[in-house]
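**Student:** Prediction below, plus the sequence it came from.
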Amino acid sequence: VRILKTGYAMLLSRNGMVLTHPDSSFIMNESIFSIAEERRDPVLREMGRKMIAGESGFVHHSLTDEPGWMYYAPIRSTGWTLAVVFPEAELFENVRSLSLTMAGIGTGGLLLLALVVAMATRSITLPLRALASATGPMASGNFDVELPAVRSNDEIGMLTSSFRMMGESLKEYIRNLTETTAQKERIQSELQMATDIQASLLPRIFPAFPERPEFDIFASMDAAKEVGGDFYDFFFIDDSHLCFLIADVADKGVPAALYMMVAKTLLKSEAQRLRDPGVILEHVNNILAEDNESCMFATVFCAILDTASGELIFSNAGHNPPLLVGSGGVRYLDVKPGFLLGPVPDSGYETERITLRNGDVFFLYTDGVTEAKNREDELFGEQRLLEILQGDFSMAVEDMVHAVRSSVAGFAEGAAQSDDITMVALQYTGNGISSSAIDAPLIISKS
């Protein structure tokens with residue numbers, strides 16, 4: 001019996017004698033024990049004992065030089081033993097062939113899968129690489145770069161369409177921004193011109209009247225925006241009468257500046273003609289109220305000083321009360337508040353009188369001083385202003401104004417200026433009458 005290609009079967013007697021074998025020289029001439037003795041193989045000798053004992057087994061052994069396997073089992077009817085011998089290489093030849101076949105199929109499958117994955121990946125990454133190379137210049141600001149054509153409705157196509165729309169939107173935004181910037185620069189330039197024009201309308205040369213020793217006057221205006229609504233003015237209406245005023249137009253910016261210019265012009269022209277503060281305010285109010293559809297208004301304090309006698313007549317149109325600074329101290333004057341200038345026609349304004357003594361300072365300001373805020377939204381307040389002016393009576397009016405400006409700036413601690421800050425300080429030195437205590441009776445009358 002042939003097993004596989006070179007394998008065979010053989011019969012052994014009860015005592016291990018070879019009864020059948022492909023090699024006839026073994027038959028009845030050799031036993032399993034003689035073969036084991038010849039090969040000096042104790043394992044084969046042990047197997048021979050098990051065969052004689054009627055046992056069966058499957059062991060890794062061969063009667064040839066090649067590794068193989070042997071299966072043996074007893075034949076019960078005769079007591080003989082049947083042994084089957086086959087080489088290991090032949091036994092696993094099909095398994096090895098199958099393994100190689102499976103390995104080949106697996107390798108081919110992996111290569112095919114890798115090719116499919118590479119093609120699929122290329123179909124995805126190629127549009128992405130094209131989009132990335134096109135969006136690189138877009139990141140540098142070139143929004144006219146040509147994006148790849150959209151050939152599908154997948155995420156890549158949607159992303160490309162989104163980038164195209166983004167590029168168009170950015171170009172439109174930059175175009176609008178460029179136009180807006182140009183307009184803003186033009187407006188900024190015009191506002192700067194308006195600032196210069198507004199500043200040129202206010203007296204800025206000090207000392208203003210160096211040839212007049214009877215008084216000294218100083219004023220300043222710090223706008224919260226490019227142009228402001230506050231203004232001041234002083235001028236002679238004749239050789240011995242100086243008119244000075246301070247005003248605060250509602251709101252800030254360009255509308256307030258335009259209203260300020262109209263009001264300032266009217267106040268100066270009417271003062272030259274009428275010479276009475278109450279009447280001046282009344283006439284200017286009626287002119288402003290005629291076509292005041294925007295309901296703009298201003299607070300004004302207008303005063304006329306007789307430089308020879310020190311008599312000061314004044315009228316108030318809703319402005320902050322002035323301070324009188326003398327050798328005896330500082331106090332707010334209790335003046336008639338009056339009504340705002342501009343919104344309502346035929347508003348009456350009272351003219352009041354006081355006589356300034358030698359060295360007295362008449363201090364005017366707008367609410368930008370007392371309502372200045374710090375980072376905690378605290379107001380500067382009237383009390384702080386009073387305390388500053390009480391500091392040194394010997395200060396010149398210019399130093400007095402600068403001291404208040406510095407104190408307001410220090411109080412704000414860098415907070416944004418919320419309103420225009422304007423001050424006018426006039427010191428009378430012309431009649432030779434010394435300044436009395438501040439609580440002495442003031443000469444006040446009404447016209």
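**Tutor:** Done, it's in. Numbers count the residues shown, from 1 in each chain.

**Student:** which residues in the stretch 151-300 of the chain form helices?
**Tutor:** 155-201, 254-274, 277-290 (DSSP state H, counting those that start in this stretch).

**Student:** Adding mean neighbour count, write those helices out as TSV.
**Tutor:** The C-beta positions use only the backbone N, C-alpha and C, and glycine is treated the same way. Shown next, in TSV, are the helices of the stretch 151-300 of the chain (neighbours: other Cβ atoms under 10 Å):
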stretch	mean neighbour count
helix 155-201	13
helix 254-274	19
helix 277-290	21
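
**Student:** Between those, which one is closest to residue 401.
**Tutor:** Nearest to residue 401, of all the helices of the stretch 151-300 of the chain, is helix 155-201, at 16.3 Å by Cβ to Cβ.

**Student:** Looking at the closest one now, give me its mean pLDDT.
**Tutor:** On average, the pLDDT along helix 155-201 is 80.

**Student:** so how far is that helix off the chain centroid?
**Tutor:** In terms of Cα atoms, centre = their mean, to the nearest Å, the centre of helix 155-201 is found 19 Å from the chain centre.

**Student:** again with stretch 275-284
**Tutor:** With Cα atoms, centre = their mean, you get 53 Å for stretch 275-284.

**Student:** right, and the helix or strand after the strand or helix carrying residue 353?
**Tutor:** Assigned by DSSP states H and E, residue 353 belongs to strand 352-355. For strand 352-355, the following helix or strand on the C-terminal side (DSSP H and E) is strand 361-365.

**Student:** And the contacts of that next one?
**Tutor:** 232, 244, 246, 301, 303, 312, 319-320, 322-326, 356, 385, 389, 397, 400, 404, 422-428 (Cβ atoms under 8 Å, 6 or more residues apart in numbering).

**Student:** can you check stretch 257-277 too?
**Tutor:** For stretch 257-277, the external contacting residues (Cβ under 8 Å, 6+ apart) are 194, 198, 201, 227-231, 233, 235, 237, 241, 243, 245, 247, 249-250, 280, 283-284, 287-288, 296, 298, 300, 302-304, 313-315, 341-342, 349, 351, 447.

**Student:** swap the cut-off to 6 Å and go again
**Tutor:** Under the criterion Cβ atoms under 6 Å, 6 or more residues apart in numbering, residues 198, 227, 229, 231, 233, 237, 243, 249, 280, 283-284, 287, 296, 298, 302, 313-315, 351 lie in contact with stretch 257-277.

**Student:** Report the rounded mean pLDDT for it.
**Tutor:** Taken as a whole, stretch 257-277 carries a mean pLDDT of 91.

**Student:** Stretch 104-117 too?
**Tutor:** So the average pLDDT for stretch 104-117 ends up being 93.

**Student:** Can you dump the C-alpha atoms of it in CSV for me?
**Tutor:** What follows is stretch 104-117, C-alpha atoms only, in CSV (Å, rounded to 0.1, in the frame of the first residue of the first chain):
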residue,chain,number,x,y,z
GLY,A,104,-0.7,35.1,-2.7
ILE,A,105,-4.4,35.9,-2.8
GLY,A,106,-4.1,38.0,0.4
THR,A,107,-1.1,39.9,-1.0
GLY,A,108,-2.9,40.5,-4.2
GLY,A,109,-6.0,41.6,-2.3
LEU,A,110,-4.0,43.9,-0.2
LEU,A,111,-2.3,45.4,-3.3
LEU,A,112,-5.7,45.8,-5.0
LEU,A,113,-7.1,47.3,-1.9
ALA,A,114,-4.2,49.7,-1.6
LEU,A,115,-4.6,50.6,-5.2
VAL,A,116,-8.4,51.3,-4.7
VAL,A,117,-7.6,53.3,-1.5
